[in-house]
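> Quick check, what structure comes out for this input:
(one chain, ligands or ions: 2)
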Amino acid sequence: MYDDPAEGTPAITRSWVRSPWSTTELIRAKGGRTVSVVLPALNEEDTVADVVATITPHLGGLVDEVVVLDSGSTDRTVQRAASAGAQVVSREEALPGVPVNGGKGEVLWRSVAATSGDIVVFVDADLVGPGSHFVPSLVGPLLMENGIHLVKGFYRRPLSVAGQTDSDGGGRVTQLLARPLLTALVPELAGVLQPLGGEYACTRTFLESVPFAPGYGVEIGLLLDAYHRYGTNGIGQVGLGERRHRNRPTSELAVMSRQIVATMLTRLGIEDSGTGFTSFASTGHPFAATVAPAPLGDRPPLASTIPV
Ligand SMILES: O=c1ccn([C@@H]2O[C@H](COP(=O)(O)OP(=O)(O)O)[C@@H](O)[C@H]2O)c(=O)[nH]1
Ligand SMILES: O=C(O)[C@@H](COP(=O)(O)O)O[C@H]1O[C@H](CO)[C@@H](O)[C@H](O)[C@H]1O
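Ligands and ions are numbered 1, 2, ... in the order given. Sure, this is the predicted structure:
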């Protein structure tokens, strides 16, 4: 289990610095349970095939299906994902007849309908050099422990921007927004190292019973819903080593942050203004304003009536 956290840190007690279970042990413990792996993908032609390739070796053993849920890509994401051995599903195919919204939350919500595993593992498709141990590590606590419904990965996160690399500078929204706000508003979750991380595993029971927040608020929404429903005892986290991905410019992370704040506030019963986020260009026409609309509402739990 986890080394003793620093004095005074509210620990997520069900934490592992690295998975203590071998894949053989996990397959033995799996029994009749099934595991789906989902990669949400929007124009990830450069990385999706390599990410899929770290997961397909587990097919037929620990993993029962690998699904790339395509988010309307206009590049070669679909072709490359299929060539790598993934099943590719569009948002429309996932929930026919349900009008499509944009954003990551929409894709993950639909992916639950498009898969059947008792356990669902989410892995971002923009990862660079992910390890094949990611999925086994994430499903381990769900297969080997009782009462856990959400397992978050955590990792060192290098940052590469403008050709410069900072070995620990990644997870900027996590470090500057999400974790400070969680510490202030939900201190019991202050020990979650990567609350926004895109690599996590959940029980289907949980995923079908909760709403899905729109856009990039989806991860913080699921974390808070897991906490409200099961307490910290229902949440695990496991170390995955290092995680590299495409690092977006700060301007795009600001829009992402607005979505995360909206979800966090509403999950905590704090009213959000609903005002869209205005970005001001600092080059070209100086201070030209661009407004990103306020996030849409949640998608309802799939166990409820599907909206049409
Ligand atoms: O509308 C969207 C936005 C994102 N994604 C996918 O969700 C994952 C994480 O998104 P992104 O990389 O934009 O977030 P970041 O990791 O940069 O914070 C990636 O696989 C994206 O392709 C998606 O499928 N639809
Ligand atoms: O963790 C973060 O701060 C952001 C941005 O990461 P970087 O500063 O580009 O390494 O990325 C995360 O947040 C997104 C929104 O929730 C998730 O979708 C990503 O999977 C996650 O990497």
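> hey, let's count contacts and neighbours off CA atoms from now on
OK.
> Please report phi then psi for residue 252.
Dihedral angles of residue 252 (phi, psi; degrees, to the nearest 10) stand at phi -70, psi -30.
> which residue ranges form the strands in the chain?
15-16, 35-41, 65-70, 87-90, 119-122, 127-128, 150-156, 159-161, 164-166, 200-203, 235-242, 244-245, 277-280, 289-292 (DSSP state E).
> tell me what the first one is packed against?
For strand 15-16, the elements it packs on are strand 235-242, judged by 3 or more Cα pairs under 8 Å, 6 or more residues apart in numbering; DSSP states H and E.
> Next, the residues that contact the strand it packs on from outside, please.
Defining contact as Cα atoms under 8 Å, 6 or more residues apart in numbering, one finds that strand 235-242 is touched by 12-19, 133-134, 137-138, 141, 148-158, 192, 226-227.
> what about residue 121, distance to residue 62?
12 Å (Cα to Cα, to the nearest Å).
> What residues does the stretch 201-308 of the chain have near ligand 2?
Listed as neighbours of ligand 2 in the stretch 201-308 of the chain under the rule Cα under 6 Å from any ligand atom: 216, 217, 219, 247, 248.
> for the stretch 1-150 of the chain, same thing?
So far as Cα under 6 Å from any ligand atom goes, the stretch 1-150 of the chain lies against ligand 2 at residue 124.
> Can you give me the neighbour number for the residue of the stretch 1-150 of the chain at minimum distance from ligand 2?
Residue nearest to ligand 2 within the stretch 1-150 of the chain (Cα to the nearest ligand atom): residue 124, separated by 5.9 Å. By the criterion of other Cα atoms under 10 Å, residue 124 has 21 neighbours.
> separation between it and residue 107?
12 Å.
> With residue 44 instead?
In terms of Cα to Cα, residue 44 sits 14 Å off from residue 107.
> and the two? which has more neighbours close in?
Neighbour count, other Cα under 10 Å: between residue 44 and residue 107, residue 107 has more, with 29 against 23.
> And the more buried one, how close does it get to residue 121?
Distance from residue 107 to residue 121, by Cα to Cα: 14 Å.
> now swap in residue 137 and tell me
Distance from residue 137 to residue 121, by Cα to Cα: 11 Å.
> What residues does the stretch 101-250 of the chain have near ligand 1?
102, 103, 104, 107, 124, 125, 126, 246, 247, 248.
> any idea which of the residues of the stretch 201-308 of the chain next to ligand 2 is the one closest to residue 171?
residue 247 (8.9 Å; Cα to Cα).
> could you list every residue that touches residue 175?
Residue 175 touches nothing, counting by Cα under 8 Å, 6+ apart.
> ok, which stretches of the stretch 201-308 of the chain are helices?
For the stretch 201-308 of the chain, the helices defined by DSSP state H, counting those that start in this stretch occupy 204-207, 218-230, 250-267.
> quick check, distance from the shortest one to the centre of its chain.
By that I understand helix 204-207. Centroid separation between helix 204-207 and its chain, computed with Cα atoms, centre = their mean, to the nearest Å, is 15 Å.
> quick one: contacts of that helix?
Against helix 204-207 from outside (Cα under 8 Å, 6+ apart): 112, 117, 118, 119, 120, 149, 226, 301.
> Name the member of the residues you listed with the most neighbours.
Most surrounded of these: other Cα under 10 Å gives residue 120, at 27 neighbours.
> Could you list which residues are in contact with that residue?
Contacts of residue 120 (Cα under 8 Å, 6+ apart): 35, 36, 37, 38, 112, 201, 202, 203, 204.
> got CSV for those, with distance to residue 256 too?
Shown next, in CSV, are the contacts of residue 120 (distance: Cα to Cα, whole Å):
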residue, distance to residue 256
35, 29
36, 27
37, 24
38, 21
112, 23
201, 22
202, 23
203, 26
204, 26
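> nearest to ligand 1, of those?
residue 38 (9.8 Å).
> Counting neighbours, what do you get for that closest one?
Neighbours of residue 38 (other Cα under 10 Å): 29.
> Contacts only, for it.
66, 67, 68, 69, 111, 120, 121, 122, 123.
> Now distance to residue 209 too, for those residues, in a markdown table please.
Compiled in a markdown table, the contacts of residue 38 are given as follows (distance: Cα to Cα, whole Å):
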| residue | distance to residue 209 |
| --- | --- |
| 66 | 22 |
| 67 | 21 |
| 68 | 22 |
| 69 | 20 |
| 111 | 14 |
| 120 | 14 |
| 121 | 16 |
| 122 | 17 |
| 123 | 21 |
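> Among these, the buried ones, what's the PyMOL command?
The buried residues among the contacts of residue 38 can be selected in PyMOL (16 or more other Cα atoms under 10 Å) with this line:
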select buried, resi 66+67+68+69+111+120+121+122+123
